[in-house]
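Trainee: generate a structure from the sequence data that follows.
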Amino acid sequence: MLINLALRLTSQAVSKIKELMKEKPDMLGLKIGVKTRGCNGLTYTLDYAKEKGKFDEVVEQDDVKVFIDSKAQLTLLGTEMDYIETKLASEFIFNNPNIKGTCGCGESFNV
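Mentor: Predicted coordinates:
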């Protein structure tokens, strides 16, 4: 098990990623990025990854791979990725120590 300082996955996140990857056996893992959106500036993106981008950072933990887009690496440094399920929603969440503020709806953030 290799844990990367850029991103740590909770056991719930690892379980959900494994479940998702079973449905997409041709993919290598998930890719996290950030894009400009919302009232506070940035939002996370999450997609399947067919290959490692030239400058992507790879986080391997408990037999899952998560690729971090080069533009998101500094933003995600020290972040914990979790997966939660409630009666109203199920989603990946990012506990990011670099965030300076979020919008009221929680969709976007700034660092």
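Trainee: just say helix, strand or coil for the residue positioned nearest the centre of the chain.
Mentor: Taking C-alpha atoms, centre = their mean as the criterion, I32 is the residue nearest the geometric centre of the chain, at 4.5 Å. At I32 the chain is in strand, as set by DSSP: H, G, I helix; E, B strand; the rest coil.
Trainee: who's in contact with it?
Mentor: The contact partners of I32, taken as C-beta atoms under 8 Å, 6 or more residues apart in numbering, are 7, 44-46, 66-69, 72, 76, 81. Just so you know, the C-beta spots here come from the backbone N, C-alpha and C atoms, and that holds for glycine as well.
Trainee: pull out the buried members of those residues.
Mentor: Buried members of those, counted by 16 or more other C-beta atoms under 10 Å: 7, 44, 66-69, 72, 76, 81.
Trainee: so which of these belong to strands?
Mentor: 7, 44, 66-68, 81 (DSSP state E).
Trainee: what about the strands in the protein?
Mentor: Under DSSP E, the chain gives strands at 7-9, 29-36, 42-49, 57-61, 64-68, 79-85, 90-95, 101-102, 109-110.
Trainee: and those as JSON lines, adding distance to M21?
Mentor: Output for those, formatted as JSON lines (distance: least, C-beta to C-beta, whole Å):
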{"stretch": "strand 7-9", "distance to M21": "13"}
{"stretch": "strand 29-36", "distance to M21": "7"}
{"stretch": "strand 42-49", "distance to M21": "8"}
{"stretch": "strand 57-61", "distance to M21": "13"}
{"stretch": "strand 64-68", "distance to M21": "7"}
{"stretch": "strand 79-85", "distance to M21": "13"}
{"stretch": "strand 90-95", "distance to M21": "14"}
{"stretch": "strand 101-102", "distance to M21": "29"}
{"stretch": "strand 109-110", "distance to M21": "27"}
